[in-house]
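>>> Any chance you could fold what I've pasted below:
(one chain, ligands or ions: 1)
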Amino acid sequence: MLLNAEDFRREARRLLPRFVFDYVDGAADDGCCLRRNARDLDAVTLTPRVLRDTSRIDTAVEVFGTKWSSPYGIAPTGLNGLVRPRGDVMLARAAARAGIPFALSTASNMRLEDVRAAAPESIQWMQLYVMHKEMAARIVQRAQRAGYQALVLTVDVPVSGNRELDVRNGFRVPFKPTAKLGWDLVTHPRWSMRAAISGPPDFANLVADGEDGGSASMQAALLARAMDRTLVWETLAWLREFWRGPLLLKGLLHADDARLAIDHGVDGLIVSNHGGRQLDAAPSAISALPSVVAAVAGRVPVFMDSGVRRGTHVAKAISLGATAVLLGRPLLYGLAARGEAGVDAVLKLFADEFMRTMALLGASSIADLRGDSLACEGGPTDAGVASRVST
Ligand SMILES: Cc1cc2nc3c(=O)[nH]c(=O)nc-3n(C[C@H](O)[C@H](O)[C@H](O)COP(=O)(O)O)c2cc1C
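Below is the predicted model:
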């Protein structure tokens, strides 16, 4: 039975080749940050209020003038095509059906225009990695033309995190067959059959129109460029030349960076440690959230991701000041387990769990969750955990 996100994780582990599952599920170094995300989210408690009318519960939030049916969206993840061919479109369509946003990664396996066209009525954000300024400017201009509603600049990847599982599994791009990988493929025939039919996933956004993006050597060359590490706060002004909509920064954990972001005209922040995939010493996102929210003081919306696995986790982040959260791995587990229907199923789990949590808390609107009466007790707001929050 697939009753929760962890059940979908186990199903994904069963169905995906080891190297794919580890790529999705894995984290940096020793996995400390990954575990911290889970531990700190679990440690927060919410105190329910009783004898309140919850016969009609409204879970909607408004973000940048657009209504979301629930206070969560789908986080940008690269290489979705490795989990399922056309995974990017499956996630985008499922998000559209659920009335929530989908963020497309720069490292998607489908062209951003094609993903937009597959769910034209939906809320779609474009995530940006700046590997090369010229290439980034081109992607941003294409996203603007295609109708993406917000741009998310990810700022926690000056270099890639140390993912030892990928190294041990011999997983790299371009894909180089080894005996170990061969055995992995043979023992996961359903995944291998699909992959054989669709061919290896391309980084479809990284090549200019008309260029051939399919060749392994070209992909390797593009990725080997790594990130542009000359990126600084002043670079945001350069981005604004190409992007006219809301600009969000993803991967902030420090209150001073939140203040700087606002000084530089950013429209929204995503408190995130990349799901524990970057700096293993980073604080959990939920423990960093209150200090960022305090620094922002309501001037722009603050989102959070990293470790959200339950409807209660969504409620905890909101009660600590987040406007909404983003969901990463749980949807990839759903995609791996049942394709597009699996993404729908995981989103339904979150919707049901969140609705039940609201009722149990005596909250009939998102505003109720933010009220003082539901203030968290324990967890990151406790002195013990607060001392870990860097300011
Ligand atoms: C397989 C995978 C690929 C990811 N790729 C990207 C990416 O391309 N761009 C980005 O900004 N974040 C990327 N992330 C980070 C997610 O956007 C998000 O911050 C993280 O998954 C949230 O943590 P969670 O998986 O615990 O929910 C990726 C995460 C995973 C698991």
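>>> From here on, just use CA atoms for contacts and neighbour counts.
Fine.
>>> What average pLDDT does stretch 12-27 get?
For stretch 12-27, the mean pLDDT works out to 98.
>>> wait, does it contact the ligand?
Yes. Stretch 12-27 reaches the ligand (C-alpha under 6 Å from any ligand atom) through residue 24.
>>> Name the residues that touch that stretch?
Contact partners of stretch 12-27, identified using C-alpha atoms under 8 Å, 6 or more residues apart in numbering, comprise 34, 82-83, 162-163, 165-166, 169-171, 181, 184-185, 187-188, 190-191, 275-278, 329, 332-334, 336-337.
>>> Now, of those, which are buried?
34, 82-83, 162-163, 165-166, 169-171, 181, 184-185, 191, 275-278, 329, 332-334, 336-337 (16 or more other C-alpha atoms under 10 Å).
>>> Can you flag which of those belong to strands?
Using DSSP state E, no member of those sits in strands.
>>> among those, which are in reach of the ligand?
275, 329.
>>> these two touch, right, residue 328 and residue 78?
No. Taking contacts as C-alpha atoms under 8 Å, residue 328 lies outside contact range of residue 78: 10.6 Å.
>>> Please identify which of those two sits among more neighbours.
residue 328 (21 against 17; other C-alpha atoms under 10 Å).
>>> how much space between that one and the ligand?
3 Å (C-alpha to the nearest ligand atom, to the nearest Å).
>>> repeat for residue 314
As judged by C-alpha to the nearest ligand atom, residue 314 and the ligand stand 11 Å apart.
>>> Mind pulling up the pLDDT for the most centrally placed residue in the chain?
Nearest to the mean C-alpha position of the chain, by C-alpha atoms, centre = their mean, lies residue 75 at 2.3 Å. pLDDT, the model's per-residue confidence, is 99 for residue 75.
>>> which one in this structure is furthest away from the centre?
Largest centroid distance in the chain under C-alpha atoms, centre = their mean is residue 51 at 36.1 Å.
>>> Dihedrals phi and psi, that one?
phi 50, psi 50 (degrees, to the nearest 10).
>>> Keep only those of the contacts of stretch 12-27 that are in helices.
34, 82-83, 165-166, 169, 181, 184-185, 190-191, 329, 332-334, 336-337 (DSSP state H).
>>> right, and residue 346 touches residue 331 too?
Yes. Under the criterion of C-alpha under 8 Å, residue 346 makes contact with residue 331 at 6.3 Å.
>>> can you pull the contacts of the residue nearest to the centre of the chain?
Contacts of residue 75 (C-alpha under 8 Å, 6+ apart): 102, 103, 104, 305, 326, 327, 328.
>>> Please repeat the previous calculation with a cut-off of 6 Å.
103, 326, 327, 328 (C-alpha atoms under 6 Å, 6 or more residues apart in numbering).
>>> cool, and residue 323?
Residue 323 neighbours (C-alpha under 6 Å, 6+ apart): 301, 302, 303.
>>> how about 10 Å then?
Applying C-alpha atoms under 10 Å, 6 or more residues apart in numbering to residue 323 gives the contacts 61-63, 71-72, 268-270, 293, 298, 300-304, 317, 366, 370.
>>> ok so, going back, now go through the contacts of residue 75 and say which are in strands.
Per DSSP E, the subset of the contacts of residue 75 in strands is 103, 326, 327.
>>> residue boundaries of the strands in the stretch 1-150 of the chain?
All strands of the stretch 1-150 of the chain, identified by DSSP state E, counting those that start in this stretch, fall at 45-46, 61-63, 66-68, 72-74, 102-104, 124-128, 150-154.
>>> count of residues packed around residue 47?
Residue 47: 13 neighbours (other C-alpha under 10 Å).
>>> er, residue 103 I mean
What residue 103 shows, counting by other C-alpha under 10 Å, is a neighbour count of 25.
>>> Model confidence for it, exactly?
98.
>>> can you check residue 302 too?
98.
>>> Okay, and the beta partners of it?
Applying DSSP bridges to residue 302 gives these bridge partners: residue 269.
>>> Report the helix or strand with the lowest average pLDDT across the protein.
helix 383-386 (a mean of 38; mean pLDDT, DSSP states H and E).
>>> Output the below-cut-off pLDDT ranges for this structure.
Applying pLDDT under 70 to the chain picks out residues 208-225, 372-391.
>>> repeat that with 80
For the chain, the stretches with pLDDT under 80 are 173-176, 207-226, 371-391.
>>> contacting residues around residue 30?
By C-alpha under 10 Å, 6+ apart, the contact list for residue 30 reads 162, 163, 164, 276, 280, 281.
>>> Show me which pair in the residues you listed is furthest apart.
164 and 281 (15.6 Å; C-alpha to C-alpha).
>>> Spell out which parts of the stretch 201-350 of the chain neighbour the ligand.
Counting by C-alpha under 6 Å from any ligand atom, the residues of the stretch 201-350 of the chain that sit close to the ligand are 272, 274, 275, 305, 306, 307, 308, 327, 328, 329.
>>> Looking at those residues, spot the one nearest residue 353.
Of these, the one sitting nearest to residue 353 (C-alpha to C-alpha) turns out to be residue 308, at 12.2 Å.
>>> which stretch of helix or strand covers the closest one?
Under the criterion DSSP states H and E, no helix or strand holds residue 308.
>>> Give me the neighbour count for the spatially closest residue to residue 294 that is not a sequence neighbour.
The shortest distance from residue 294 to any non-neighbouring residue, by C-alpha to C-alpha, 6 or more residues apart in numbering, is to residue 255 (8.0 Å). Using other C-alpha under 10 Å, residue 255 has 21 neighbouring residues.
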